[in-house]
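> coords please:
(one chain, ligands or ions: 1)
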Amino acid sequence: MHETPASASFHSHGPLIGTIRVPGDKSISHRSLMLSALAIGESRVEGLLEGEDVLATAAAMRAMGATITREPAGIWRIHGVGVGGLLQPEAALDMGNSGTSTRLLMGLVASHGISATFTGDASLSKRPMGRVIEPLSQMGAQFTSSPGGRLPLTMRGACPAVPIRYRLPVASAQVKSAVLLAGLNSPGITTVIEPIPTRDHSEKMLAGFGAELHVDTDEDGVRTIAIRGEAELKAQQIVVPGDPSSAAFPVVAALLVPGSDIVVENVGINPTRAGLFTLLQAMGGDVQLINQRIVGGEPVADVRVRHSALKGIESPHDIVPSMVDEFPILFIAAAMAEGRSVLRGLDELRVKESDRISVMAEGLRAIGAHVEEVEDGLIIEGRGGAPFPGDATIATRLDHRIAMSFAVAGLVARQPVRIDDMAPIATSFPDFVPLMTRLGAEARPQGAA
Ligand code: S3P
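Residues are numbered from 1 along each chain as shown. Next up, the predicted model:
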């Protein structure tokens, strides 16, 4: 096993070259475990992300009655309890750093006659849960939360729950999924109206497991998703594609480091997730999606990336949900591009694992970039390819994507960019360091010469 140092700086000594695969998609991995745990029979999952966030979901589903085992070759087998069959967990469910686990599992518990307590780390305990408490309360669930609708919280599900028709007030796949998952065990039809489309893995996978689900899209692009409750889910064989949100880091690294030419194989390119690749291409990035194919019902490609001179960009607001997790690394790309980038409409970034607008602004300034922070985003004056001065220590604030973004920035900095805490990377991309090393980057433990 490759050791990940506690704190480190990243360096390049030449182009990044090679072919890698990134771990399985985090969103699909969570849903694979949850839906398999509710199905009848044994599901088999290949390519599951074995990061801390997904392992928190696995532990929670076990605590509520599912049997989940991992074979040495990385195949996961899940025996479900059937919709309606979740058991009362004996202890609090520790969600670690994972907002997706928390919000989706709250949806599941909401329509079962059980109660559960959710706890999390310091980052997760600051994140708003009111956005799911509100619709799930309408369905009949009861909550006792910490001030501001935060963790730790205890909830009691309603059985039967009340099916609702709910219009999403924020563009959030987590809120959409929580309501749909609650609808799975509610009598009648639960409907979610989504004015701005977000990732559609829940819809696709619920239908794949045999739930009756209909999606209508009107002429303005507003989606209405209706699920019939008291569904019976049938066990499935799932192949999880590589996570585009993890591929984002080596992809931007290869664009920035002169002479680089890499391929990231088997990356999910579902249009509700692939906004970063489109935006990087529009910035002049040589990013090619080759060998496009369907794997396990999801579009997948090998992503070939060659070093490119990037131009600044103004990101359209409607692209935000399809790359909501990719803005930290896009900010690094924009800071190295030629000209100004105006990246706005990003209010949701303030309530991710950290406030990604202010934490990225602070880190970018510390390494010598020119950044203006506005309420809903950043305006960045790019360096036209000139390396960052560097010589700064970045406060990661329990946010994996902050750590990986500044690891990439270090590859194009004259002096070290020190990442204070590498541990959060294990939540989503446990083999980030060995994969970047395989492409030719060097991870230097902090304090070493
Ligand atoms: C996710 C949805 C997004 C994303 C998160 C994963 C999901 O969150 O940021 O990493 O799997 O549904 P929001 O729905 O809160 O935007």
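> quick one, domains of the protein?
8-24+241-445, 26-160+173-185 (automatic domain parsing).
> any chance of the ones you listed in CSV, plus mean neighbour count, mean pLDDT and distance to the ligand?
Every C-beta, even on glycine, is put in place using the N, C-alpha and C of the backbone. What follows is the domains of the chain, written out as CSV (neighbours: other C-beta atoms under 10 Å; pLDDT from 0 to 100; distance: least, C-beta to the nearest ligand atom, whole Å):
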stretch, mean neighbour count, mean pLDDT, distance to the ligand
domain 8-24+241-445, 21, 98, 5
domain 26-160+173-185, 21, 98, 3
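> and the gap between P445 and S9?
9 Å (C-beta to C-beta, to the nearest Å).
> kindly apply the preceding question to G149 instead.
Taking C-beta to C-beta, one finds G149 at 38 Å from S9.
> and for A366?
A366 is 13 Å from S9, by C-beta to C-beta.
> one more: A423?
16 Å.
> what do you get for G259?
Separation of G259 from S9 (C-beta to C-beta): 21 Å.
> what does K176 give?
From K176 to S9 the distance is 39 Å (C-beta to C-beta).
> got it, and S111?
Distance, S111 to S9, by C-beta to C-beta: 48 Å.
> what's the answer for R21, then?
Applying C-beta to C-beta, the value for R21 to S9 is 25 Å.
> can you give me the helices in the stretch 51-200 of the chain?
Under the criterion DSSP state H, counting those that start in this stretch, helices of the stretch 51-200 of the chain are mapped to 52-63, 99-110, 130-138, 173-184.
> how confident was the prediction at P5?
Listed pLDDT for P5 reads 79.
> state whether it is indeed within a strand.
No - the assignment for P5, made by DSSP: H, G, I helix; E, B strand; the rest coil, is coil rather than a strand.
> check contacts around it.
Taking C-beta atoms under 8 Å, 6 or more residues apart in numbering, we find P5 in contact with 422, 433, 443, 445-446.
> mind checking which of these land in strands?
443, 445 (DSSP state E).
> farthest pair within the contacts of P5?
The distance between the two most remote of these (C-beta to C-beta) is 13.3 Å, for V433 and Q446.
> common neighbours of the two, please.
Both V433 and Q446 are contacted by 5, 8, under the criterion C-beta under 8 Å, 6+ apart.
> thought G140 was touching P163?
No - taking contacts as C-beta atoms under 8 Å, G140 lies outside contact range of P163: 10.0 Å.
> what is the burial count for the residue nearest to P195 when sequence neighbours are not counted?
Nearest non-adjacent residue to P195, counting by C-beta to C-beta, 6 or more residues apart in numbering: V222, 5.2 Å away. Neighbourhood size, V222 [other C-beta atoms under 10 Å]: 14.
> so V222 touches V192, yeah?
No - taking C-beta under 8 Å as the definition, V222 is not a contact partner of V192, at 11.1 Å.
> packing partners of whichever strand or helix holds V267?
If you go by DSSP states H and E, V267 is part of strand 261-268. Contact analysis of strand 261-268 by 3 or more C-beta pairs under 8 Å, 6 or more residues apart in numbering; DSSP states H and E lists strand 17-21, helix 244-256, strand 298-306 as its packing neighbours.
> so how far is that strand off the chain centroid?
Chain-centre distance of strand 261-268: 18 Å, with C-alpha atoms, centre = their mean, to the nearest Å.
> can you tell me what sits against that strand?
15-22, 25, 28, 241-244, 247, 250-251, 254, 274, 290, 295, 298-307, 439.
> what's the angle from it to strand 298-306?
Interaxial angle, strand 261-268 versus strand 298-306 (axes from the mean of the first three to the mean of the last three C-alpha atoms, to 10 degrees): 170 degrees.
> tell me the angle of strand 261-268 relative to helix 244-256?
Going by the same axes, to 10 degrees, strand 261-268 makes 170 degrees with helix 244-256.
> how about residues contacting the following helix or strand past strand 261-268?
Following strand 261-268 in sequence order, the next helix or strand is helix 275-282 (DSSP H and E). Residues external to helix 275-282 that are found in contact with it (C-beta under 8 Å, 6+ apart): 244, 248, 251-252, 255, 269, 287, 289, 303, 310, 313, 315, 319-323, 326, 329-330, 333.
> let's see it at 6 Å
Applying C-beta atoms under 6 Å, 6 or more residues apart in numbering, the contact partners of helix 275-282 are 248, 287, 313, 319, 322-323, 326.
> in strands only, show me these.
Going by DSSP E, the strands hold V287 from the contacts of helix 275-282.
> just curious, which of the contacts of helix 275-282 is nearest to L378?
Nearest to L378 out of the contacts of helix 275-282 is I313 (C-beta to C-beta; 12.3 Å).
> hang on, L35 in a helix?
Yes - assessed with three-state DSSP, L35 lies in a helix.
> is S146 bridged to anything, and to what?
Taking DSSP bridges as the rule, S146 bridges to R150.
> now it: how far from K352?
Separation of S146 from K352 (C-beta to C-beta) stands at 19 Å.
> contacts only, for S32.
When contacts are counted by C-beta under 6 Å, 6+ apart, S32 touches 45, 238.
> assign a three-state SS to R44, would you?
strand.
> renumber starting at 443 from here on
Yes, from this point I'll number from 443; that puts the last item at R486.
> so it makes contact with Q679?
Yes - between R486 and Q679 there is a contact at 4.9 Å, judged by C-beta atoms under 6 Å.
> what does the strand or helix carrying V784 rub up against?
Under the criterion of DSSP H and E, V784 resides in strand 782-785. Identification of contacts with strand 782-785 by C-beta under 6 Å, 6+ apart yields 754-757, 776, 819-823.
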